[in-house]
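Asker: just coords:
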């Protein structure tokens, strides 16, 4: 299915970008620790760590869902028949798909407001609507993963084939 390939490709690209943010966070933390030893901490570390962490997390959501890495408590569901489990999975995928689509839309609306008003961070005075758009994009791709899972379940395919 082409949607499945697109979803996988987007999530792999997002994981690479998230990796860059993680490396930047590691270097920033190390630099801050080092410079604190000489009494000159890196200005804005707290701000950047927050924004980088938010983008990193959002971009990793879809990939984690593809790999079934999110916590799942299925003690009750395992007692159902295979058909019952499949129906619940379809319902769950549909609800999650809609939920994260709405979350993405609302965060993107907020980012647009930040862009229009010219909001900047308190310490470094950098614009932060790009970080907000990054979070919205991560949620949108997570919604796409749920759409792909939903369609696979409707077709009778399991979600473990990725």
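Answerer: Nice, thanks for sending it over. None of these values were measured; they are calculated from a predicted model. Numbers count the residues shown, from 1 in each chain.
Asker: what about stretch 121-130, how long is it end to end?
Answerer: For stretch 121-130, the first and last residues are 12 Å from each other (C-alpha to C-alpha, to the nearest Å).
Asker: which residues does it contact?
Answerer: Contacts with stretch 121-130, where a contact means C-beta atoms under 8 Å, 6 or more residues apart in numbering, come from 43-44, 46-48, 51, 111-112, 114-115, 118-120. Every C-beta, even on glycine, is put in place using the N, C-alpha and C of the backbone.
Asker: what subset of these is buried?
Answerer: Members of those that pass the buried threshold by neighbour count (16 or more other C-beta atoms under 10 Å) are listed as 44, 48, 51, 111, 114.
Asker: tell me which two of these sit farthest apart.
Answerer: Across the buried ones among the contacts of stretch 121-130, the two members that end up farthest from each other (C-beta to C-beta) are 44 and 111, 20.3 Å apart.
Asker: pLDDT score assigned to residue 144?
Answerer: Looking at residue 144, its pLDDT stands at 97.
Asker: got it, and residue 55?
Answerer: Residue 55 is assigned a pLDDT of 97 by the prediction.
Asker: and the gap between it and residue 107?
Answerer: Counting by C-beta to C-beta, to the nearest Å, the separation of residue 55 from residue 107 is 12 Å.
Asker: then residue 69?
Answerer: Counting by C-beta to C-beta, the gap between residue 69 and residue 107 amounts to 22 Å.
Asker: so between these two, which is more surrounded?
Answerer: Taking residue 69 and residue 107 together and counting by other C-beta atoms under 10 Å, residue 107 has the greater number of neighbours (20 against 11).
Asker: next up, the contacts around the more buried one.
Answerer: Contacts here follow C-beta under 8 Å, 6+ apart; on that basis residue 107 touches 132, 135-136, 139.
Asker: quick one: which of these is nearest residue 95?
Answerer: The closest of the contacts of residue 107 to residue 95 turns out to be residue 139 (C-beta to C-beta; 14.5 Å).
Asker: tally of neighbours for the nearest residue to that closest one once chain neighbours are set aside?
Answerer: Closest residue to residue 139 apart from its sequence neighbours, by C-beta to C-beta, 6 or more residues apart in numbering: residue 104 at 3.9 Å. Residue 104 has 21 neighbouring residues, counting by other C-beta under 10 Å.
Asker: pretty sure residue 104 contacts residue 144?
Answerer: No. In this structure, residue 104 sits apart from residue 144 without contact. The criterion is C-beta atoms under 8 Å, and the distance is 9.7 Å.
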